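S.K.: sequence? don't have it. structure:
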Ligand code: GTQ
């Protein structure tokens, strides 16, 4: 970053102006205005089978109530101690045991849950409960009350994705706790999906927030859509068959700060080299294979989480049919006119 142009005269001058809270731009210019994105984020995979033991062990060390959220944060090794999986995104694996409640709170950070293990725990958001199953994509919009509970008889684990580092950078983080552990329920389960998630909307509906009014996109439906569409056999060379989750009221992404996707790679498919400016977190739902990021190989199987840094060429290889969920900060980049992609190796 430093351009190595220091001389004793210059250094003495830099020291003097530092006392006046000034610094020479020419020593840092190329780092401040890089020719292309330079990221500290390292391509990394967390194999569920390797980390499951530690996740379950956390359940005997602390209760969900005491922890508030009992989560093992997935820290990018290039950003140690910063609770970040990419520059702008946070990810963690949350455990909730039978009978436990993670108490109600709300915050300005957007949260997504992607269900990894177990079935039958719930999230309640703004007066409605949704029961969660593997592969479901569940949303907690900014500043909405949410609590989680597990009425099933098995542990449940999901991937939390939040825009925590982005909100911290913008210094717009607010949070508060509800006095009661669980919020009062005001609507029957399934209300939001019926109202907004069947290709219909209430006749005079106007969006009241920037987040989708659907807060659980069940895997069953997503998987069925992919399975029906594959019959056309129109595979994108970079993505296989890739869908984005949308807010049905606006056509925009389901969340204002995070884009979410589900893609199908058929058995034996190898995607063409691709890169984009949004670092992307993947959660493997079905199948196994590997993603190559430059010289780094990330082998993956069901329930694994992996991250591809910004603007790094990569491609995926699927051994059998594979289904990958992913999320990134693409909506923010697009709205600022910054998002770029590069299809192919040139
Ligand atoms: O479930 O509300 O992983 O507030 C981190 C912060 C989960 C949550 C996290 C949170 C939550």
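M.R.: That came through, no problem. This structure is a prediction, so every number in the text was calculated from the model and none was measured.
S.K.: use CA for all of it now, contacts and neighbours both
M.R.: OK.
S.K.: got the contact list for the nearest residue to residue 116 once chain neighbours are set aside?
M.R.: Sequence neighbours aside, residue 158 is the residue nearest to residue 116 in space, at 4.9 Å (criterion: CA to CA, 6 or more residues apart in numbering). Residues in contact with residue 158 (CA atoms under 8 Å, 6 or more residues apart in numbering) are 93, 94, 95, 113, 114, 115, 116, 117.
S.K.: helix, strand or coil for the second one?
M.R.: Okay, so that is residue 94. The three-state assignment at residue 94 reads strand, by DSSP: H, G, I helix; E, B strand; the rest coil.
S.K.: residue 329 against residue 90, yeah?
M.R.: No - the pair residue 329 / residue 90 is not scored as a contact, 10.9 Å apart, by CA atoms under 8 Å.
S.K.: low pLDDT regions in the stretch 1-150 of the chain?
M.R.: The stretch 1-150 of the chain contains residues with pLDDT under 70 at 1-4.
S.K.: burial check on the closest residue to the ligand within it, number of neighbours?
M.R.: When distances are taken as CA to the nearest ligand atom, the stretch 1-150 of the chain reaches nearest to the ligand at residue 92, 5.2 Å away. Neighbour count of residue 92, defined by other CA atoms under 10 Å: 21.
S.K.: likewise for the one 5 residues further on?
M.R.: The criterion is other CA under 10 Å. On that basis, residue 97 has 22 neighbouring residues.
S.K.: the helix ranked longest in the chain and the ligand in contact?
M.R.: Counting residues, the longest helix found in the chain (DSSP state H) is helix 48-61. No - contact of helix 48-61 with the ligand (CA under 6 Å from any ligand atom) is absent, the minimum separation being 13.0 Å.
S.K.: i'd like the first residue to be 50 from this point on
M.R.: In the new count, where the first residue is 50, that last one comes out as helix 97-110.
S.K.: which residues touch the residue of the stretch 150-299 of the chain found nearest the ligand?
M.R.: The ligand sits closest to residue 209 of the stretch 150-299 of the chain, with a gap of 4.9 Å, by CA to the nearest ligand atom. Residue 209 makes contacts with 139, 140, 141, 142, 143, 160, 161, 162, 163, as judged by CA under 8 Å, 6+ apart.
S.K.: over to it: give its phi and psi.
M.R.: As for residue 209, its main-chain torsions (degrees, to the nearest 10) stand at phi -90, psi 130.
S.K.: confidence score at it?
M.R.: As predicted, residue 209 sits at a pLDDT of 98.
S.K.: distance check, residue 387 against residue 329.
M.R.: Plainly put, residue 387 is 16 Å away from residue 329 if you go by CA to CA, to the nearest Å.
S.K.: quick one, which of these two is more surrounded?
M.R.: Using other CA under 10 Å, the more surrounded residue of residue 387 and residue 329 is residue 329, with 22 against 12.
S.K.: OK, contacts around residue 241?
M.R.: When contacts are counted by CA under 8 Å, 6+ apart, residue 241 is found next to 262, 263, 264.
S.K.: JSON lines for those, including distance to the ligand, neighbour count and pLDDT?
M.R.: Below are the contacts of residue 241 laid out as JSON lines (distance: CA to the nearest ligand atom, whole Å; neighbours: other CA atoms under 10 Å; pLDDT from 0 to 100):
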{"residue": "262", "distance to the ligand": "18", "neighbour count": "21", "pLDDT": "98"}
{"residue": "263", "distance to the ligand": "18", "neighbour count": "21", "pLDDT": "98"}
{"residue": "264", "distance to the ligand": "14", "neighbour count": "28", "pLDDT": "96"}
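S.K.: near the ligand, which residues of the protein?
M.R.: Applying CA under 6 Å from any ligand atom, we find that the chain lies next to the ligand at 118, 120, 141, 209.
S.K.: was I right about the second one contacting residue 144?
M.R.: Yes - counting by CA under 8 Å, residue 120 touches residue 144, with 6.3 Å between them.
S.K.: if you count what's nearby, which of those two comes out ahead?
M.R.: residue 144 (25 against 21).
S.K.: bridge partners for residue 324, pull those for me.
M.R.: residue 391 (DSSP bridges).
S.K.: residues contacting it?
M.R.: Residues in contact with residue 324 (CA under 8 Å, 6+ apart) are 359, 360, 361, 362, 363, 390, 391, 392.
S.K.: what's the closest non-adjacent residue to the fourth one?
M.R.: When the adjacent residues along the chain are set aside, residue 362 lies closest to residue 324, with 4.8 Å between them (CA to CA, 6+ apart).
S.K.: hang on, the earlier thing: is it true that the residue of the stretch 50-199 of the chain closest to the ligand touches residue 121?
M.R.: Yes - Residue 141 lies in contact with residue 121 (CA under 8 Å); the separation is 5.4 Å.
S.K.: any low-confidence regions in the stretch 250-395 of the chain?
M.R.: When residues are selected by pLDDT under 70, those of the stretch 250-395 of the chain lie in 394-395.
S.K.: tell me where it has helices.
M.R.: 268-278, 379-384 (DSSP state H, counting those that start in this stretch).
S.K.: how about those helices in a markdown table, adding mean neighbour count and distance to residue 150?
M.R.: Compiled in a markdown table, those are given as follows (neighbours: other CA atoms under 10 Å; distance: least, CA to CA, whole Å):
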| stretch | mean neighbour count | distance to residue 150 |
| --- | --- | --- |
| helix 268-278 | 14 | 24 |
| helix 379-384 | 17 | 32 |
